[in-house]
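Peer 1: build me a model:
(one chain, ligands or ions: 5)
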Amino acid sequence: FELESSLRSALAHNEFELHFQPIIDTGTRRLHSLEVLLRWRRPGVGLVGPDKFIPILEENGLIVPVGEWVIRRACEQSMEWKRQGLKPVPLAVNLSPRQFMHSGLVPAIRRILIDTGIDPALLEFEITETALMQHGEQTLDILGQINAMGIRLSIDDFGTGYSSLAYLKRFPVKKIKIDRAFIKDLERSAEDRAIVAAIIALSDSLQLSVVAEGVETEGHYALLRNGGCQFAQGYLFSQPVPGANAANLLERLP
Ligand code: G
Ligand code: G
Ligand code: G
Ligand code: MN
Ligand code: NA
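Peer 2: Ligands and ions are numbered 1, 2, ... in the order given. Below you'll find the predicted structure:
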């Protein structure tokens with residue numbers, strides 16, 4: 001299978017790159033953090049999005065080395081921006097289910113923190129609700145170890161899986177990202193508005209931050225801001241952009 005064999009050499013041939021999408025503080029409408037999103041610059045094809053290749057990497061296990069590369073590259077990027085005199089913002093890196101359950105993950109993260117010197121408070125991991133619900137006590141153990149390193153954790157695609165509220169309380173998670181499926185029709189759908197309001201209320205009572213994903217219109221933004229949603233992310237503010245463009249969004253330190 002041609003796609004898979006090209007993917008096998010992509011890491012060695014330096015064909016992966018990171019793009020960054022702003023997460024906005026709704027109180028100030030200013031940049032709060034950046035989500036890190038992987039892209040594959042496939043020779044002769046162009047830029048390929050993760051939906052086309054992450055499932056293959058998950059299937060054949062390559063997600064482990066590629067995912068480790070993403071974490072390392074994100075930390076290096078953060079340190080490069082710091083050296084350029086730019087004010088650092090937290091970077092939110094996605095962890096896939098298989099990567100999350102791999103026994104090498106925690107030692108690899110520890111190694112990357114040491115090698116790059118990044119402040120762990122500038123790193124966040126996003127884990128999907130479905131991945132979190134899969135493995136019970138082992139999941140709690142890994143989350144605990146990551147949390148103990150000072151790295152924040154958030155639940156991605158919230159609302160699309162089946163989380164037990166009892167479990168949610170036990171996870172050392174600081175943030176919930178409302179899946180964009182609930183944001184898309186916010187202006188038309190009273191049902192979606194009710195769901196989003198319920199997620200925000202739940203998050204407030206568990207003292208979690210909330211990010212709305214897929215914010216595309218001023219209407220979405222106004223409803224979310226007025227509804228008490230602290231953070232927003234989506235095409236209204238920016239698409240994911242390459243590192244050079246993301247650097248332009250960062251404040252220069254005096
Ligand atoms: O970048 P885009 O918005 O097209 O991302 C599509 C999907 O791929 C999203 O679900 C996103 O979480 C996932 N994704 C993007 N980058 C990474 C990555 O580095 N690792 C993992 N595991 N998933 C990623
Ligand atoms: O699944 P996850 O949330 O990690 O991935 C984010 C994905 O959502 C990326 O593929 C990104 O390109 C996409 N995305 C980001 N903002 C928007 C948006 O406003 N609308 C839509 N439809 N997709 C978005
Ligand atoms: O790279 P990204 O995952 O953001 O792109 C996902 C898809 O959404 C691509 O097909 C891209 O062309 C498209 N897209 C890019 N910007 C916008 C936008 O502002 N609004 C919407 N609805 N789609 C967009
Ligand atoms: Mn994500
Ligand atoms: Na999501």
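
Peer 1: just the helices from this structure, written as ranges.
Peer 2: Counting by DSSP state H, one finds helices in the chain at the ranges 2-10, 50-60, 63-83, 97-101, 105-116, 129-132, 136-148, 165-170, 190-205, 218-226, 243-247.

Peer 1: now do the buried residues in stretch 146-164.
Peer 2: Neighbour-count burial for stretch 146-164, counted by 16 or more other C-beta atoms under 10 Å, picks out 146-147, 151-159, 161, 163. The way it works is simple: take the backbone N, C-alpha and C, and place the C-beta from them, glycine included.

Peer 1: got the end-to-end distance for that stretch?
Peer 2: From its first residue to its last, stretch 146-164 covers 21 Å (C-alpha to C-alpha, to the nearest Å).

Peer 1: and the end-to-end length of stretch 168-179?
Peer 2: Here stretch 168-179 reaches across 16 Å from its first residue to its last, counting by C-alpha to C-alpha.

Peer 1: apologies, that question was intended for stretch 125-135.
Peer 2: Taking C-alpha to C-alpha as the criterion, the two ends of stretch 125-135 lie 18 Å apart.

Peer 1: is any part of the longest strand along the chain close to ligand 3?
Peer 2: Across the chain, the strand with the greatest residue count (assigned by DSSP state E) is strand 30-42. No. For a cut-off given as C-beta under 6 Å from any ligand atom, strand 30-42 has no contacts with ligand 3; the smallest distance is 7.2 Å.

Peer 1: list the buried residues for that strand?
Peer 2: Across strand 30-42, burial judged by 16+ other C-beta under 10 Å covers 31-40, 42.

Peer 1: and the two most separated of these?
Peer 2: Pairwise distances among those were taken by C-beta to C-beta; the largest, 32.0 Å, belongs to 32 and 42.

Peer 1: of all the helices of the chain, which lies closest to ligand 2?
Peer 2: Distances from ligand 2 to each of those were compared using C-beta to the nearest ligand atom; the shortest belongs to helix 50-60, at 6.8 Å.
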